[in-house]
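**Student:** Structure for this input, please:
(3 chains)
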Amino acid sequence: MIAVAFLTTYGFLIVSMTLAALLALSLYIPFLAGQLSLASPGFYALGGYIAAVLATRVLPSAAGSSPVSALLLEMALAAVASGLLAVAVGVPALRLRGIYFALATIAFVEILRVVSLNLDITGGAVGIFGIPQPFASQLGYLWIVAPLLVGTMVVMWRLERTRAGRALVALREDELAADAMGINPTYYKTLAFTLGAMLAGVVGAISAHFLNTWNARQGTFDASVSLLAFVLIGGSRTFLGPVVGGLILTALPEVLRAAADIGGLPAWIARFLKEGRLIIFGTLIAVGSVFFPRGLITPELLGGPRHFRDPRRGSERPASTDGGPSARAASVDRPRRDAASGVAHLAVRRVSCRFGGLTAVNDVSFEVERGEIFGIIGPNGAGKTTLFNVITGLARPAGGQVVYRGDDLTGRPPHTVAARGIARTFQNIRLFGGLSVMDNMLIAQHLRTKAGVVSGALGLSVARAEEQGIRRRAWELLERVGLADRAGEAARGLPYGDQRRLEIARALALGPATLLMDEPAAGMNADEKRELSGLVRAIVAEFDLTVMLIEHHVPLVMGLCDRIAVLNFGQLIDLGEPEAVRQNPAVVEAYLGE
Amino acid sequence: MKRILVGILSLALIVGAAPGATPRAEAADPIPVGVAVAQTSNVALFGQEQVIGAQIAEEFFNQKGGVNGRPVKLIFQDTAGDEAGAINAFQNLINVAKVVAIVGPTLSQQAFAASPIGNKAGVPVIGPSNTAQGIPQIGEYVSRVSAPVNQIAPHAVKAAMDINPNLKRVAVLFAQNDAFSKSETQVFQQTVKDNSKLELVTTQTFQTTDTDFTAQTTNVLAAKPDLVIISGLAADGGNLVKQLRELGYKGLIVGGNGFNTTNLFPVCKALCDGILVAQAYSYQASSEINQAFRTVYKEKQKKEPPQFSGQSFTAVQVVVDALRALEKKTPIASMDLAKLRTELNKQIIAGTYQTPLGEISFKPSPGGEIVQKDFYIAQIKMEADGAKGAFVFLKK
Amino acid sequence: MTRTLLVQQFLNGLAIGSVYAIFALGFTLVFSILRIINFAHGAVFTLGAYLTYALTGSQFGINGLLANATLGVRLPFPLALIGGSLLAGLAGVALERVAFRPLRARGADPLLTLVSSLGVAVAMVNVMQYLFGAEIYSFPPRPFGNVPPAVNFGSEATPIPVRSVQVIIFLVSVAVLAVLTYLIHGTRVGKALRAVAEDPVTARLLGINTDRLIVFTFFISSVLGGLAGTLVGLSVSIAGPYFGIAFGLKGLAVIVLGGLGNIPGTMLGGLLIGLAESFVPSQHVAYRDAVPFALLFVVLLVRPYGLLGEAGSDRA
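**Tutor:** Predicted coordinates:
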């Protein structure tokens, strides 16, 4: 009896809470990829208008009610419309980062609001009212929104454990590194943005019926602020955060209202609770962001220090591996061009690169042969890293060509270069620091798998098989570099030397034919340098690699490389075998300056 | 019918005034009536006035014996400024406080969202200030005591023509993001078009959130009108008037229902002088009940009662009077809540009332659309320093 | 379009634009030094207006906690203006202490700071409503003595009037721009500020008291905000505690257009947006509000560092 009364009174609130949780998730999805999108209210308004217009003008309804099937149709149409608009707006806007992207989404919402205020079909300022109801009571909406929330949560949970989800998180952690691992940033950011938009549109369609009336005030900046509060206070690092944030913060004003009615409170407290709800709300947001910067629900709270917990779930750590068949086999399935056919492995032809007024790389040409260890040395600022950046697509050359195994890769984006078989490590280590060692390894195998969002979310067997395969390979590679014991640790917590090794293992996970290493020995002592040398030689043999190596430590380079190129002020001043280069006076002068 | 009611009221007053004659309504078994208006957010500007009017009504009628000895207890729930807040307030009043009727909400936009809920639950809803088209059409349980725009507006235009018989060129401005202003302006524009002597020379739009009207005033001044009609709210409307005057407009100004508040005065100050407003309520109306209301209001608030307070008083009065009339036919205590609400609704729509708004009754549409006899034209008179002003009732 | 109308609309545009500019100048100062967007600026803007109102000895209405209260003093408007602005500056300092410093100490993301400032803005505005009520307040008449209500830029026959208070706002915004530019580029304090903007850690290591400079920045920014709020309140009266918040959103468009953190750019951005709004043809006035945001969107796509910003400064 009490339960029934409670549900009747608070039915509206419960449904509102659920809708708020869903909207918070719609903001969370792009946030997974590191994009702060405040655009959800715009799509929410759009979805609501679609439902309102269809329900009041197009679809037949009897005396204030309409069938549930009509609602479902409207939800589907809202999803499609939001998706299309999201792609149209997102593709240009997603080139922006951080605050700039957020501002663009704010502008989008405002423009949409003003437009909807002025069109006839949206009812202008008055809006649309008298929207028919598919359910007899407010609580009836739970039939739709509860499964929707649960379903979305399940999809989110799965997503975070599969290829597509990992790609998004990698983009958030370090977009550049993710790009270099073969993850196409534009595709995935647009994907995340569009999914969030579709969810918001569907919620809008439901809400239009729920509130009986729809107008331009439903999609405003204030709504964006509330959603942002749900995510940031609820928890921005796990999907449960926005859900909890949405539920609690929507209920809060009503809880305060009920609290104000409790008998026996001094009048000024009761009045404050009644009228000061927004003060409390605002203060909570301000205080919450100081003391709970990652929100209330953190991954730590849920039992795991990282985004993806327990890497061993899903495949047992194999009892023994020997850097084994699958690791090597993986590199074998790359199509191999025969070096004897005369096509150079990697050809750099008259490449130049400029930044502002500075010419960092000036008309550099050389060829790298398959299977060789090719060193690049030169004083600081000589342009070595820039050269690497040009080859791997992180920088655009002002002139010249990069041809890899016959393919012209000049100016192609990093993920395309990665797909062709070139992997790299970075001068200042770009691991996905907040993620575990294992996750870094899994993300690097992005190109070796194909499962998309749908198959990942649904857990189809194809996706599962792929997961098992890449986990096994990850274990093997980790064993090979001696990091298997630390698979579950956060990457940024590793000692420096281990981080370097992880970067190498990660690059290997890509299954490349060519590996570019940018100062891999920086910060190492003599023993570590020796170990590194040995490792490089070993992996060249085991994985049939071609390696290009930027290094400062001359003895290391002399001992390891087959040939060395010397750069100074962006120009190639020598190229040849180590001994010859060492004795070239021009090289000596470049280093010692006279 | 009117005389009988007046007679009863007078009797009640006399009887109630006699010491000990009618026992004062006891606190033991009050009848709960809900008031759902905006007590927070920027809509509170109007909501606060409605709260005061309702509170005065509660005390007033309880002092007169309430409903056959039982007092009426007003239960206030804040709707804040948006639709969801209104719905929450209504839900609370209907299900938790179990009121017999609801007075509210403040905005027409909120009414479109929340009043259907009252209708579905079979609870009578009386809108004190909802003036947009379509409110009583929501359902048979949704009534209002605020006359819709199409009843009031034409009176103001006529009053302007009375003042300036040579009136010809008319400029109309309205807030296009406000539901109520948009419906009101259509009535104004139609009135002008229907009048062969008047010519509509320009129509300009603005937003209620605007503070700068240089574009609109430039366009209006270029059209050289004799009369400017403005449909907006106090802050924007006031600024518009101020800027029109400062930039040289010398003709007549007619304001719509949004100008019906003293909140206008601080905005245009001395420049508000002369604005014509058609009112559904005038504190100078001579009826006994209005003067009684006015006296109590002035004592408490030290100023004349504004339209919002008069209307909320009237809304509460309608509920109380209907309860009394119902009690005479069937004892209220004998009915269960659902039946009481339904019977009360029927009674509300069927009754005629002598209120501060004058004599009113309802036309079933299917909810109660107000039928109001008296409208008032007021002209704003500001003191020279612009600090104080008043709505002065023009003789018809 | 006649020449008169053209000139009128141009002047109108400058007038509107200088209101945006005067709001945004304080906003942009904080961003240029601290790289954070402080949404609470809109609340400080409003607070400044209320404080000046109180200092002129005016009375608060019946709706708030401070119903019918007046401050004992009754200052002439120019003094009240200065007093209100200074008090607003102090409020900004308190804000910095309470809301922004803890976040800075924890190395928080700028986005988090943005959200926190939003929370602060909401809380402040509602506290103001609680205390002062939601009624409309305006300043006593003739604040600057016997200044005519409008200035005629045209002739007797074809008048081109602009309201005097708008001329004052324009002149004040230009003065503020000049003062700020001098402050940042011509003084030692300014040099220290620029160092903090470049690299706060290094600046501290070099002996610059970054904390004090940050407090100073907030103080100046909030004084400007309070000044702007009072002047705008003079022009259009204080229409409730939310009257500053509406400027916040357009302020964003202004500062991005000009170049985030670029002070002359902000002035330029404000004026341009004002002009763009003014020249919207009258039949499309309804879409006028979309103009700043459409401009914002286009600028972000084409030239995210704004008109006067430097390329590459958008790699946030």
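**Student:** The helix or strand hosting residue C:93: which residues count as buried?
**Tutor:** Using DSSP states H and E, residue C:93 maps to helix C:77-95. Across helix C:77-95, burial judged by 16 or more other Cβ atoms under 10 Å in any protein chain shown covers C:77, C:80-89, C:91-93, C:95. (C-beta placed from N, C-alpha, C; glycine too.)
**Student:** per-residue confidence at the residue of the stretch 351-500 of chain A at minimum distance from chain C?
**Tutor:** Closest residue of the stretch 351-500 of chain A to chain C, Cβ to the nearest Cβ: residue A:356 (8.3 Å). Each residue has a pLDDT score; the one for residue A:356 is 76.
**Student:** Please apply the same query to residue A:288.
**Tutor:** For residue A:288, the predicted pLDDT is 80.
**Student:** likewise residue B:306?
**Tutor:** 86.
**Student:** Next, the angle helix C:77-95 makes with the helix or strand encompassing residue C:23.
**Tutor:** Counting by DSSP H and E, the element that carries residue C:23 is helix C:3-34. If you take axes from the mean of the first three to the mean of the last three Cα atoms, to 10 degrees, helix C:3-34 sits at 40 degrees to helix C:77-95.
**Student:** is chain B contacted by helix C:3-34?
**Tutor:** Yes: contact between helix C:3-34 and chain B, assessed by Cβ under 8 Å from any Cβ of the partner chain, occurs at C:5, C:8, C:9, C:12, C:15, C:16, C:19.
**Student:** Walk me through the domains of chain A.
**Tutor:** What the record gives for chain A is the domain set A:15-220, A:308-333+A:435-493, A:346-421+A:512-592, from automatic domain parsing.
**Student:** In chain B, where is pLDDT below threshold?
**Tutor:** By pLDDT under 70, the low-scoring segments of chain B are B:1-28, B:42, B:395-396.
**Student:** Which residue ranges of it form helices?
**Tutor:** B:2-17, B:44-63, B:83-91, B:108-120, B:149-163, B:179-194, B:214-223, B:234-246, B:265-268, B:288-301, B:307-329, B:337-350 (DSSP state H).
**Student:** need the ones you listed in TSV with mean neighbour count and distance to residue B:389, can you?
**Tutor:** Compiled in TSV, the helices of chain B are given as follows (neighbours: other Cβ atoms under 10 Å in any protein chain shown; distance: least, Cβ to Cβ, whole Å):
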stretch	mean neighbour count	distance to residue B:389
helix B:2-17	12	33
helix B:44-63	23	17
helix B:83-91	26	32
helix B:108-120	26	27
helix B:149-163	20	18
helix B:179-194	21	22
helix B:214-223	21	22
helix B:234-246	25	11
helix B:265-268	25	5
helix B:288-301	16	16
helix B:307-329	25	15
helix B:337-350	19	36
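**Student:** so which of these gets nearest residue A:228?
**Tutor:** Of all the helices of chain B, it is helix B:83-91 that lies closest to residue A:228, at 18.1 Å by Cβ to Cβ.
**Student:** Spatially nearest residue to whichever residue of the stretch 201-350 of chain B sits closest to chain A (excluding sequence neighbours)?
**Tutor:** Relative to chain A, the nearest point of the stretch 201-350 of chain B is residue B:207 (8.4 Å; Cβ to the nearest Cβ). Excluding the flanking residues, the one nearest residue B:207 by Cβ to Cβ, 6 or more residues apart in numbering or on different chains is residue B:177, at 4.7 Å.
**Student:** Relative to residue A:113, how far out is that neighbour?
**Tutor:** Using Cβ to Cβ, to the nearest Å, residue B:177 is found at 10 Å from residue A:113.
**Student:** Give me the more crowded residue out of these two.
**Tutor:** residue B:177 (26 against 23; other Cβ atoms under 10 Å in any protein chain shown).
**Student:** Get me the contact residues on the stretch 51-200 of chain C for chain B.
**Tutor:** Looking at chain B, the residues of the stretch 51-200 of chain C close enough under Cβ under 8 Å from any Cβ are C:62-63, C:126, C:129, C:133-138, C:140-141, C:149-150, C:159, C:161-163, C:166.
**Student:** Restricted to buried residues, select the residues you listed in ChimeraX.
**Tutor:** In ChimeraX, this line selects whichever of these come out buried by 16+ other Cβ under 10 Å:
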select /C:62,63,126,129,133,134,135,136,137,138,140,150,161,162,163,166
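**Student:** Let's see which of the residues of the stretch 51-200 of chain C next to chain B end up in strands.
**Tutor:** C:150, C:161, C:162, C:163 (DSSP state E).
**Student:** how about the strands in chain C?
**Tutor:** C:150-152, C:161-163.
**Student:** how about those, which one is nearest residue B:94?
**Tutor:** The nearest among the strands of chain C, by Cβ to Cβ, is strand C:161-163 at 50.2 Å.
**Student:** okay, the strands of chain C in JSON lines with mean pLDDT next?
**Tutor:** Formatted as JSON lines, those follow (pLDDT from 0 to 100):
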{"stretch": "strand C:150-152", "mean pLDDT": "84"}
{"stretch": "strand C:161-163", "mean pLDDT": "85"}
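**Student:** mind putting these in CSV, distance to chain A included?
**Tutor:** Formatted as CSV, the strands of chain C follow (distance: least, Cβ to the nearest Cβ, whole Å):
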stretch, distance to chain A
strand C:150-152, 30
strand C:161-163, 26
